[in-house]
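Asker: Quick one, fold the following:
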Amino acid sequence: MGKRILVVGGVAGGASVAARARRIDESAEIIMFEQGPNVSFSNCALPFHLSGIVENSDDLVLMCPEKFKSQYNIEARVNSEVLKINREDKSIVVKNLETGEEYEEFYDKLVLSPGANAIKPRSIEGINSPNVFTVRNVVDIKKLNDYIVNNGIEDIAVVGGGFIGVEVAENLRLAEKNVSLIEAQNQIMAPFDYDMAQILHKEMMDKEINLILSDGVKKINEDSVELQSGKKVNAKVVVMAIGVAPETSLAKDAGIEIGETAGIKVDHNYVTNDRDIYAVGDVIEVYNRLTHKSSRLALAGPAQRQARAAADHMYNIPHRNNGVIGSSVIQVFDLGAASTGLNEKSAEAAGISYDIVYTIPGDKVGLMPESNPMHFKLIYEYPTGKILGAQAIGKGNVDKRIDVIATMISMGGTLEDLKELELCYAPLFGTAKDVVNHTALVGLNLLNGVFKQVSVTRVRELVENNAFIIDVREKEEYAQGHIINALNIPLSELRDRLDEIPKDRLVYLHCRSSQRSYNAVMALQNLGYDNVINISGSYLGICCYEYFEDQVTEREKIVTEYNFN
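Answerer: This is a model prediction of the structure:
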């Protein structure tokens, strides 16, 4: 007789444990319990039903109970809520939500994968109104979409600027709804630093999303949302997407240990403090290999790897737990945005000494159709040059570049390793010196003190303090838009106009993407200037960074025009 394995919850975690256990052991009796009607669905694809990209909500369901039984000999019981775990006699109490019947099932091994619940703060008046929705499963997204369609809703507020909030807002806008995205913090998409997030802010505003930052929700009415600032936002539907909380009530009641991050505490094999009970997915806390601290990571990829490891451990198959680094990608209208590892905020919080590289190379050879700039930010440890993280935003393959960095981080790679990395090249796919190689070279120059840089976030301060700024773009580029008071000395004229460049004060140089200004800095240093500093991100970065701020606050413009071409 094989093992009796009970799994609480399906989707990426639970269903993957069950499928892996079956591949290892044909004799095992495996039963999954899912509180809702669907045991396996694409939760990452849920928002795309709102725009019609996924036309039929039923298509979001990946596997039905009948297919689990026929293909894998796994019994999947839907509409079944697990009420209690009796650890002493190794059993669970289950309630059939259709009949109300309660019954007991015994296990040799129990797996907890109940996921996480959408947060709905009680402090918000009207939070439980019928026009307030969350997005966690197929039932949720169908209810939301049906309510919008059946009631002819046009004005919708999405609260929360994380993955779900941004994707819901985007897909509702693609459905031509009037969408407000409300975020209490000063930026959307926390994996990105503020300077990079500004690019996403601009994209959302360009696509007519009413983006509201640094303001929270106070009250939800029938046709509006009242904010903490006193502002009112028209909205007959409100989607709450401010985050999720691990569903740990079942585990807590059973005396399963909860970690410092409020997720279930597990060992390196995803075993809880009960050796016969495992936990995987959004409900657990994980180990961040870069900060060396516990954290939570609600992503499908890690959940599936955890599931495989847990099932393997049941059969004494060894597993090496490397911890997590947090790699993700999202589409925001015409832009892709990907990140991995640490950003500046998390590096600072962890007390790690670091420096950054911000480059804007082309995502493919400029002669090729649809060649576009890619904003790329690399975080590395100082002084070791060890790669800690990266963020990429652009119209090209940002996921490809960030996947390369994620691999380098996992292998303990440094700037030197990244510089020498041999990657695929063809003009339609990239450049001979790829974005990541290019960025590594810049990073090594900074690490080795070849030149100095200042962040794009400092430019407003420089302008307001009357710093000496040189724009080395050509005259026609300068005429299309420039930093106020910046002196235009094109790189092609630099050596003939040295008398205009002082040596007794700091001189800051920029171009379109920092490449020509880097060449100008190097030339001037070779000509005896030790006071020249390159502006990272240059004009493209400055424009993206300042664009959003000037739109939402009453600030004096420091750029004559916003030319993003």
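
Asker: Next, find the distance separating the closest residue to Glu370 other than its chain neighbours from Glu546.
Answerer: Nearest residue to Glu370, sequence neighbours excluded (Cβ to Cβ, 6 or more residues apart in numbering): Lys395, at 7.2 Å. Every C-beta, even on glycine, is put in place using the N, C-alpha and C of the backbone. According to Cβ to Cβ, to the nearest Å, Lys395 stands 21 Å off from Glu546.

Asker: neighbour count winner among those two?
Answerer: Glu546 (22 against 14; other Cβ atoms under 10 Å).

Asker: any idea whether that one is helix, strand or coil?
Answerer: Following DSSP: H, G, I helix; E, B strand; the rest coil, Glu546 is assigned to helix.

Asker: List the contacts of it.
Answerer: Val459, Arg460, Lys557, Ile558, Val559, Tyr562 (Cβ atoms under 8 Å, 6 or more residues apart in numbering).

Asker: so how far is Gln198 from it?
Answerer: Glu546 is 8 Å from Gln198, by Cβ to Cβ.

Asker: Next: Asn269.
Answerer: 42 Å.

Asker: higher neighbour count, these two?
Answerer: Gln198 (24 against 16).

Asker: Then the more buried one would be within a helix, right?
Answerer: Yes. Under three-state DSSP, Gln198 falls within a helix.

Asker: List the contacts of it.
Answerer: Here Gln198 is in contact with Gln187, Cys544, Tyr545, Tyr547, Phe548, Glu549 (Cβ under 8 Å, 6+ apart).

Asker: beta partners of Phe376?
Answerer: Residues in a beta bridge with Phe376, per DSSP bridges, are Thr359, Ala392.

Asker: Are we agreed that Pro302 is in a helix?
Answerer: Yes. Using three-state DSSP, the assignment for Pro302 is a helix.

Asker: Ranking helices and strands of the chain by mean pLDDT, which lands last?
Answerer: Ranking every helix and strand in the chain by mean pLDDT, DSSP states H and E puts helix 538-552 at the bottom, with a mean of 80.

Asker: Need the CA coordinates for it. CSV is fine.
Answerer: Only the C-alpha atoms of helix 538-552 are listed here, as CSV (Å, rounded to 0.1, in the frame of the first residue of the first chain):
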residue,chain,number,x,y,z
SER,A,538,21.0,61.5,-19.4
TYR,A,539,18.3,63.3,-21.3
LEU,A,540,15.9,60.3,-21.7
GLY,A,541,16.1,59.5,-18.0
ILE,A,542,15.8,63.1,-17.0
CYS,A,543,12.7,63.6,-19.1
CYS,A,544,11.0,60.4,-17.8
TYR,A,545,11.9,61.2,-14.2
GLU,A,546,10.7,64.8,-14.4
TYR,A,547,7.7,64.3,-16.6
PHE,A,548,5.5,62.7,-14.0
GLU,A,549,6.5,65.0,-11.2
ASP,A,550,5.6,68.1,-13.3
GLN,A,551,2.3,66.6,-14.2
VAL,A,552,1.1,65.9,-10.7
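
Asker: OK, contacts around the residue nearest to Glu370?
Answerer: Asp334, Leu335, Gly336, Asp363, Glu370, Asn372, Met374.

Asker: closest to Lys265 among those?
Answerer: Nearest to Lys265 among the contacts of Lys395, counting by Cβ to Cβ, is Gly336 at 35.1 Å.

Asker: I'd like to know how many residues surround the closest one.
Answerer: When neighbours are counted by other Cβ under 10 Å, Gly336 registers 21.

Asker: correct me, but it touches Arg401?
Answerer: No. Gly336 is beyond contact range of Arg401, at 9.9 Å (criterion: Cβ atoms under 8 Å).

Asker: would Asn145 count as being in a strand?
Answerer: No. Checked against three-state DSSP, Asn145 lies outside a strand; its state is helix.

Asker: what's the spacing between it and His49?
Answerer: 6 Å.

Asker: quick one: Leu211 is in a strand?
Answerer: Yes. Counting by three-state DSSP, Leu211 is found in a strand.

Asker: Within its local environment, how many residues does it see?
Answerer: 23.

Asker: What segments of the stretch 401-550 of the chain are strands?
Answerer: Using DSSP state E, counting those that start in this stretch, the strands of the stretch 401-550 of the chain run over residues 453-454, 468-471, 487-488, 507-510, 532-535.

Asker: Would you mind giving those as CSV with distance to Gln525 added?
Answerer: Shown next, in CSV, are the strands of the stretch 401-550 of the chain (distance: least, Cβ to Cβ, whole Å):
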stretch, distance to Gln525
strand 453-454, 13
strand 468-471, 14
strand 487-488, 19
strand 507-510, 11
strand 532-535, 6
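
Asker: what residue ranges in this structure score low on pLDDT?
Answerer: 1, 563-565 (pLDDT under 70).

Asker: how close does Val454 get to Glu154?
Answerer: Val454 is 45 Å from Glu154, by Cβ to Cβ.

Asker: more neighbours, these two?
Answerer: Val454 (18 against 14).

Asker: ok, the closest residue to the more buried one other than its chain neighbours - how many residues close by?
Answerer: Distance criterion Cβ to Cβ, 6+ apart; nearest residue to Val454, sequence neighbours excluded, is Ile533 at 5.3 Å. Residues contacting Ile533 under the criterion other Cβ under 10 Å number 20.
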